[in-house]
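1. okay, here's the prediction I keep looking at, along with the sequence it came from:
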Amino acid sequence: MGRVVSWIYLFVLYGFIFLPVAVLVLFSFQDGRLPVPPFKGPTLKWYEAVLGNGDLMAALGNSFLVALLSSGMALFLGFLAAHALSRHRLPGSVLMRGILIAPMTVSYLIIALGLLTVFNRIGLPPSLLATGIGHVIINLPLCFSILYAAMGDHQKNAERAARDLGASEAKVLWLVSAPMLVAPMLAAFFLSVTFSWDEFIIAFLLTRFDVTLPVEIWSMLRSGLSPKTNAIGSLVFLASISILIVLEFTVFRKVRK
């Protein structure tokens, strides 16, 4: 009886999680102008429309660019901050950790409005650069928290041994500390990419002409529902799943071994 209840629970849980995705994909093949029942199809014309839409493809490229670069910078800064605060006793280190984590507790709207004010004062116009800076700010606390929690005493001993053998601090970081944190660094990076990829408020307020994909989809939804938005969502979901599968059978499997 317990096993049956467990299977029912898992079925309901996964159904709750993946049913919206299944509906999204299903109605991306809708042979009609609205992605609502009854289902008419299948057809690939909405995928052809998406792939032939220059604005959507440009927004897709902008999202990839911003997500990858901002996540890489957030990971780099988060790694350095986590290493410094975990390996050295600095005055006010508790306060520093609190300040680094603070953006996680602040609304993205507040962060976006604050950045918009600052950028207007310094003369930086709304752009992908401004959006990327905003995404570094919201992802840096995540990267810092993951890496700070992963730094243990065994890594500290390995770093000390490397210094005793004559390695410089830069070599210790690059050849000892970073390789020992491959798994948490990858987790922090790809979580940051996911958050940056989905983020709308900061991208909406800090871009003007070169927009990211969530902003472009929002502009499409202003004119009403369309299977075209389902098609672009399905393509993004397919790309995400493909990347996850490749990473699982390459990078993460090697890390576990």
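-> Right, received. Where do you want to start?
2. only C-alpha atoms for contact and neighbour calcs from this point on.
-> Noted.
3. where is the longest helix in the chain?
-> helix 54-87 (DSSP state H).
4. quick one: list the elements packing against that helix.
-> The contact analysis (3 or more Cα pairs under 8 Å, 6 or more residues apart in numbering; DSSP states H and E) places helix 54-87 against helix 45-51, helix 128-150, helix 182-198, helix 213-221.
5. 6 Å - rerun?
-> helix 128-150, helix 182-198, helix 213-221 (3 or more Cα pairs under 6 Å, 6 or more residues apart in numbering; DSSP states H and E).
6. which elements pack onto the last one?
-> Based on contacts counted as 3+ Cα pairs under 6 Å, 6+ apart, the elements that helix 213-221 packs against are helix 54-87.
7. buried stuff in whatever helix or strand comes next after the helix it packs on?
-> Following helix 54-87 in sequence order, the next helix or strand is helix 93-101 (DSSP states H and E). Using 16 or more other Cα atoms under 10 Å as the test for burial, helix 93-101 gives Arg97, Leu100, Ile101.
8. and those, which is closest to Leu26?
-> Taking Cα to Cα as the measure, Leu26 lies nearest Ile101 of the buried residues of helix 93-101, at 39.9 Å.
9. now do the nearest residue to Gly41 once chain neighbours are set aside against Ala150, distance only.
-> Using Cα to Cα, 6 or more residues apart in numbering and skipping residues adjacent in sequence, the residue nearest Gly41 is Asp31, 4.6 Å away. Counting by Cα to Cα, to the nearest Å, the gap from Asp31 to Ala150 is 50 Å.
10. pLDDT of stretch 30-37, averaged?
-> Averaging pLDDT along stretch 30-37 yields 76.
11. okay, buried residues for the longest helix of the chain please.
-> 55-60, 62-83, 86.
12. kindly report the same for stretch 157-167.
-> Applying 16+ other Cα under 10 Å to stretch 157-167 flags Glu159, Ala162, Ala167 as buried.
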